[in-house]
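Enquirer: My questions are about this predicted structure, shown below with the sequence.
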Amino acid sequence: MSYPEPRYHGDTGEASATYRPSDHKPELTYPSGVEVDYLATGGSTSGEFGLYRWTFGETESGPDPHFHKTISESFFILTGTVRLYNGEDWVEATSGDFLYVPPGGIHAFKNVPGEPASMLLMFTPGAPREGYFEGLAEFAAGKQASEEERAEFYVRHDNHWL
């Protein structure tokens, strides 16, 4: 393994960092109380990665087992307990635990109802997951869609259910 080819060709560096304070309001809140912070989107990282803070609500939430064909997904538990499915078993992940899922890897996550929990989700490369998260919030708020429309939505956002 070696470093990739340079993408910055200057000799002095540049002021190009992006700062987000901890009190920034989440970009998305689901009817269930789940909050999603868009820390770094694929658009803001030139497609390198997407990083999101996922803060669970009071009720159980999270997707059933699925996989992605184009992206990897990583989970880093910040607080509380999150049930992670690694393709074989559900594990009770707590603060500091990490799960990496390569493209094609079966996975899922659920929170423990009534217990506060949060995690970081990272997708590589940086796919436009914001549209997926926002579409799910619309469905949760009662947006009507046919089975075909929902199936197309999931495929468009590289979610493949078992």
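Expert: That came through fine.

Enquirer: contacting residues around the most centrally placed residue in the chain?
Expert: Note on the chain: the residue nearest the mean C-alpha position is Leu121, at 4.0 Å, using C-alpha atoms, centre = their mean. Residues in contact with Leu121 (C-beta atoms under 8 Å, 6 or more residues apart in numbering) are 50-54, 73-75. Backbone N, C-alpha and C define where each C-beta goes, glycine included.

Enquirer: That one pairs with what?
Expert: With DSSP bridges as the criterion, Leu121 is bridged to Tyr52, Phe75.

Enquirer: Quick one, grab the pLDDT at it.
Expert: Listed pLDDT for Leu121 reads 98.

Enquirer: Please renumber the chain so that the first residue is 638 from this point on.
Expert: That works, and once the first residue is 638, the last one we named lands at Leu758.

Enquirer: ok, it to Ala652 distance?
Expert: According to C-beta to C-beta, to the nearest Å, Leu758 and Ala652 sit 28 Å apart.

Enquirer: gap between stretch 686-699 and the chain center?
Expert: Relative to its parent chain, stretch 686-699 has a centroid offset of 7 Å by C-alpha atoms, centre = their mean, to the nearest Å.

Enquirer: outside of the top helix by length along the chain, which residues touch it?
Expert: When the chain is parsed with DSSP state H, its longest helix is helix 766-777. The contact list for helix 766-777 (C-beta under 8 Å, 6+ apart) reads 664-669, 673, 675, 678-679, 687, 689, 760, 782, 787, 790, 794, 796.

Enquirer: So for it, mean pLDDT?
Expert: The model assigns helix 766-777 a mean pLDDT of 96.

Enquirer: list the buried ones in the next helix or strand along the chain from that helix?
Expert: Toward the C-terminus, helix 766-777 is succeeded by helix 784-793 as the next helix or strand (DSSP states H and E). Burial within helix 784-793, assessed by neighbour count using 16 or more other C-beta atoms under 10 Å, is assigned to 790-791.

Enquirer: Show me where this structure has its strands.
Expert: Remark: strands assigned in the chain by DSSP state E are 665-666, 672-677, 687-692, 703-704, 709-716, 718-722, 727-731, 735-738, 745-748, 755-761, 797-798.

Enquirer: Out of those strands, flag the one nearest His646.
Expert: Proximity to His646 (C-beta to C-beta) singles out strand 672-677 among these, at 23.0 Å.
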